[in-house]
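Enquirer: Below is the sequence, then the predicted model.
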Amino acid sequence: MSELRQQALDYHAFPVPGKIAIQLTKPAETAHDLTLAYSPGVAEPVLEIAANPDEAYRYTAKANLVAVITNGTAILGLGNLGPLAAKPVMEGKALLFKRFAGIDAIDIEVSHRDNDDFIRTVANIADSFGGINLEDIKAPECFVIERALIECCDVPVFHDDQHGTAIVTAAGLLNALEIQGKSLPDARIVCLGAGAAGIACMDLLIACGARREHIFMIDRHGVIRSERTDLNGEKPRFINDSGPRTLHEAMQQADVFVGVSGPDLVSDADVAAMAPRPVIFACSNPDPEISPERVRDVRSDAIMGTGRSDYPNQINNVLCFPFLFRGALDVRARRINTEMKKAAVDALRLLAHQPVPIEVQAAAGVTDLTFGPDYVIPKPMDPRLLPVVARAVAQAAVSSGVARLSLPDRYR
Ligand SMILES: NC(=O)C1=CN([C@@H]2O[C@H](COP(=O)(O)OP(=O)(O)OC[C@H]3O[C@@H](n4cnc5c(N)ncnc54)[C@H](OP(=O)(O)O)[C@@H]3O)[C@@H](O)[C@H]2O)C=CC1
Ligand SMILES: CC(=O)C(=O)O
Ligand SMILES: [Mg+2]
């Protein structure tokens with residue numbers, strides 16, 4: 001067994017199983033405490049909430065509570081391993097919510113018969129939470145599920161693998177292209193993976209200025225083209241008949257590669273075929289489409305990112321979801337709209353241009369972190385992410401009319 005594998009298993013098993021627990025926020029020591037916390041005192045907030053459901057935000061933990069919900073059909077890049085096997089990842093997301101944004105999050109793994117069954121399950125419990133973070137649900141089902149839940153839930157619903165990934169990819173890519181002296185509208189983009197992450201990444205890049213006709217979206221059967229009869233879900237929106245049929249053909253003179261598919265799918269020859277000064281974001285977890293070591297062997301002019309914590313340029317939705325939900329919860333946003341997503345992109349992108357505090361460099365294990373090829377996106381442990389990204393998202397929610405509360409004083 002590898003050393004990292006054993007360390008990871010021990011981390012999860014000891015000193016207590018799992019990564020999260022519940023802690024009390026009120027005293028519960030005396031008979032009087034219990035009189036208030038439970039019977040008879042608890043009847044008072046019950047009656048208040050029955051009379052006005054918004055009072056749940058005042059008298060319960062709802063306002064700061066997010067459900068991380070999965071069916072385990074696309075666990076990282078490991079595939080459809082079922083709801084229970086997804087639990088460590090969902091507990092991990094809960095850990096990140098708490099660690100980076102002070103949000104209480106609880107994982108919920110759902111077994112279900114079909115989309116409607118899943119949607120009903122989530123819709124029926126949604127009011128218990130301030131927000132719903134859908135996670136690791138495969139395409140194309142994820143699109144139907146998210147759309148239906150956004151429609152019927154009164155709290156924000158956000159499929160992290162779609163939009164969290166897209167926000168971080170867009171921010172990192174805009175910076176990387178700037179360093180490479182290229183522009184998003186001119187960039188020829190290859191996206192390997194046409195699922196939850198791939199479709200949302202390309203949609204957001206188009207919203208940020210990329211040209212649809214410059215995008216080549218590829219799945220297990222090759223480039224998305226009109227003659228194909230197997231295109232499901234959102235894939236037809238990305239038909240591109242302008243030439244390439246395979247990954248290797250698409251990589252000829254490509255400026256950008258975004259990998260959100262699976263491990264080891266890109267060859268040295270694919271990388272060698274790209275245009276001068278390419279950007280390669282191989283974001284499949286835990287193992288990227290091609291390793292940074294192999295890219296470095298093939299060419300020295302590439303900017304490289306992965307989804308992992310142990311290489312430079314971590315293109316991973318951890319840089320988004322804790323901070324985005326913080327902003328959305330703080331103004332009680334009804335939904336998470338494009339304005340909020342673009343505000344998060346800009347906040348993340350611009351923060352990477354700022355000098356990096358010494359303690360962030362120390363936590364990252366490096367001594368010289370400045371905006372450049374090995375630093376196109378902030379580090380997750382950067383304490384400035386919380387105020388900067390959450391504020392931008394909250395402000396965008398207020399300006400775009402989806403906030404129920406005004407901007408909190410601490411954001412002004
Ligand atoms: N770094 C980050 O922050 C994130 C990374 N990811 C990574 O992206 C990957 C996909 O996740 P997600 O979009 O949620 O999953 P989905 O199941 O929704 O989509 C997977 C996509 O990858 C394609 N794919 C899988 N294997 C291959 C292959 N051998 N060749 C070509 N295409 C392939 C699938 O093709 P087909 O449609 O033909 O089945 C599908 O289009 C995972 O590895 C995940 O870890 C995801 C979210 C965040
Ligand atoms: C990071 C993440 O959400 C994923 O790989 O699925
Ligand atoms: Mg995920």
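Expert: Here it is on my side, so go on. Residues are numbered from 1 along each chain as shown. Ligands and ions are numbered 1, 2, ... in the order given.

Enquirer: for the stretch 201-350 of the chain, what are the low-confidence residue spans?
Expert: For the stretch 201-350 of the chain, no stretch has pLDDT under 70.

Enquirer: for it, what spans make up the helices?
Expert: 247-251, 268-272, 292-298, 321-330, 338-351 (DSSP state H, counting those that start in this stretch).

Enquirer: Ok, the stretch 1-150 of the chain next?
Expert: Using DSSP H, counting those that start in this stretch, helices in the stretch 1-150 of the chain cover 3-13, 31-37, 43-51, 56-59, 87-101, 115-125, 141-152.

Enquirer: Walk me through the domains of the chain.
Expert: 3-155, 181-306, 317-411 (automatic domain parsing).

Enquirer: Format those as TSV; extra columns: mean neighbour count and distance to residue 175.
Expert: (Each C-beta comes from the backbone N, C-alpha and C, glycine too.) Below are the domains of the chain laid out as TSV (neighbours: other Cβ atoms under 10 Å; distance: least, Cβ to Cβ, whole Å):
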stretch	mean neighbour count	distance to residue 175
domain 3-155	16	21
domain 181-306	19	9
domain 317-411	20	4
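
Enquirer: Any chance of those domains in JSON lines with distance to ligand 2 as columns?
Expert: Below are these laid out as JSON lines (distance: least, Cβ to the nearest ligand atom, whole Å):
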{"stretch": "domain 3-155", "distance to ligand 2": "4"}
{"stretch": "domain 181-306", "distance to ligand 2": "4"}
{"stretch": "domain 317-411", "distance to ligand 2": "5"}
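
Enquirer: With respect to residue 166, which of those domains lies nearest?
Expert: Nearest of the domains of the chain to residue 166, taken as Cβ to Cβ: domain 181-306 at 3.9 Å.

Enquirer: and that closest one with ligand 1, contact?
Expert: Yes. Contact of domain 181-306 with ligand 1 (Cβ under 6 Å from any ligand atom) involves 192-198, 219-221, 260-262, 265, 283-285.

Enquirer: start to end distance for that domain?
Expert: Domain 181-306 has an end-to-end distance of 21 Å (criterion: Cα to Cα, to the nearest Å).

Enquirer: same deal with stretch 78-91?
Expert: Terminal residues of stretch 78-91 lie 17 Å apart, using Cα to Cα.

Enquirer: What residues does the stretch 1-150 of the chain have near ligand 3?
Expert: By Cβ under 5 Å from the ion, the residues of the stretch 1-150 of the chain that approach ligand 3 are residue 136.

Enquirer: run the last query once more with 8 Å
Expert: By Cβ under 8 Å from the ion, the residues of the stretch 1-150 of the chain that approach ligand 3 are 74, 75, 76, 89, 93, 135, 136.

Enquirer: what sits against the closest residue to the third one other than its chain neighbours?
Expert: Distances taken as Cβ to Cβ, 6 or more residues apart in numbering put residue 285 closest to residue 76, at 4.2 Å, once the chain neighbours are dropped. If you count contacts by Cβ atoms under 8 Å, 6 or more residues apart in numbering, residue 285 has them with 76, 77, 307, 308, 316.

Enquirer: Counting only strands, which of those residues make the cut?
Expert: Among the contacts of residue 285, none falls in strands (DSSP state E).

Enquirer: Report the two of those residues separated the most.
Expert: Most distant of the contacts of residue 285, by Cβ to Cβ, are 77 and 316, 12.4 Å apart.

Enquirer: could you measure the residue of the stretch 301-412 of the chain found nearest ligand 3 against residue 135, distance?
Expert: Ligand 3 sits closest to residue 317 of the stretch 301-412 of the chain, with a gap of 6.7 Å, by Cβ to the ion. Separation of residue 317 from residue 135 (Cβ to Cβ, to the nearest Å) stands at 9 Å.

Enquirer: what's the overlap in contacts for these two?
Expert: 160, 161.

Enquirer: ok, residue 270 touching residue 248?
Expert: Yes. Using Cβ atoms under 8 Å, residue 270 is in contact with residue 248, at 5.6 Å.

Enquirer: For the stretch 1-150 of the chain, what lies in contact range of ligand 1?
Expert: Looking at ligand 1, the residues of the stretch 1-150 of the chain close enough under Cβ under 6 Å from any ligand atom are 74, 76, 77, 138, 139.

Enquirer: ok, these vs ligand 3, which is closest?
Expert: residue 76 (6.1 Å).

Enquirer: my guess is the closest one contacts residue 89, does it?
Expert: Yes. Using Cβ under 8 Å, residue 76 is in contact with residue 89, at 6.4 Å.

Enquirer: follow-up on the earlier one: got the helices of the stretch 201-350 of the chain as CSV, with distance to residue 206 columns?
Expert: Supplementary listing: these in CSV, determined by distance: least, Cβ to Cβ, whole Å:
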stretch, distance to residue 206
helix 247-251, 17
helix 268-272, 23
helix 292-298, 26
helix 321-330, 20
helix 338-351, 11
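
Enquirer: May I see those helices arranged in TSV, with distance to ligand 3 as well?
Expert: Formatted as TSV, the helices of the stretch 201-350 of the chain follow (distance: least, Cβ to the ion, whole Å):
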stretch	distance to ligand 3
helix 247-251	23
helix 268-272	25
helix 292-298	21
helix 321-330	9
helix 338-351	17
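
Enquirer: Ok, which of the helices of the stretch 1-150 of the chain comes nearest residue 186?
Expert: helix 141-152 (29.2 Å).

Enquirer: could I get that closest one in CSV with only the CA atoms?
Expert: The C-alpha coordinates for helix 141-152 follow below in CSV (Å, rounded to 0.1, in the frame of the first residue of the first chain):
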residue,chain,number,x,y,z
GLU,A,141,-29.2,13.9,-15.4
CYS,A,142,-27.5,16.8,-13.4
PHE,A,143,-28.9,19.4,-15.8
VAL,A,144,-32.5,18.2,-15.4
ILE,A,145,-32.2,17.8,-11.7
GLU,A,146,-30.6,21.2,-11.0
ARG,A,147,-33.1,23.1,-13.3
ALA,A,148,-36.1,21.4,-11.6
LEU,A,149,-34.8,22.1,-8.1
ILE,A,150,-34.0,25.8,-8.8
GLU,A,151,-37.6,26.1,-10.0
CYS,A,152,-39.2,24.5,-7.0
